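Student: using only what follows, build the 3D model:
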Amino acid sequence: MDAHVLLVATMVCEPADADEFARILGEFGAACREEDGCLAFEVLRSEEAPGRFVSIERYADAAAFAAHRASEHFREVGLGRVMPLTIARDVQLYVPAGDVTPAAK
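Tutor: Now for the predicted structure:
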């Protein structure tokens with residue numbers, strides 16, 4: 001079974017900070033995509049609420065995710081520049097569920 005880790009983070013900033021927040025998240029995402037164990041890092045912005053963002057991140061395994069959290073750009077950009085502008089967030093980690101049979105129609 002694939003041992004990847006998927007992280008879905010919803011972040012909210014003040015509307016006045018939304019463009020700067022988007023720019024910083026773009027910078028952060030670009031740095032994260034350079035990590036060896038990062039398989040994908042996508043940032044999306046709500047059309048209805050411009051201060052609401054979602055990042056969808058996929059890492060090869062738990063060790064790759066741990067390396068991500070220990071990285072310099074995580075500390076400097078993620079914690080140092082994204083978090084001070086964040087007024088609310090919800091972070092969910094997911095791992096493969098194995099063989100999941102779809103519900104019958």
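Student: residue contacts, the nearest residue to residue 74 once chain neighbours are set aside?
Tutor: In space, and not counting its chain neighbours, residue 74 is closest to residue 68: 6.1 Å by C-beta to C-beta, 6 or more residues apart in numbering. No exception for glycine: its C-beta is placed from N, CA and C like everyone else's. By C-beta atoms under 8 Å, 6 or more residues apart in numbering, the contact list for residue 68 reads 32, 35, 37-38, 57, 59, 74.
Student: tell me the strands in the chain, going along the chain?
Tutor: For the chain, the strands defined by DSSP state E cover 5-13, 38-45, 52-59, 86-94.
Student: the first one pairs with which strands, and in what direction?
Tutor: If you go by DSSP bridges, strand 5-13 pairs up with strand 52-59 (antiparallel), strand 86-94 (antiparallel).
Student: any buried residues in it, and which?
Tutor: Neighbour counts over strand 5-13 (16 or more other C-beta atoms under 10 Å) mark 5-7, 9, 11-13 as buried.
Student: low-scoring stretches of this structure, by residue?
Tutor: Residues of the chain meeting the criterion pLDDT under 70: 1-2, 99-105.
Student: closest to the centroid, which residue in it?
Tutor: residue 55 (3.6 Å; C-alpha atoms, centre = their mean).
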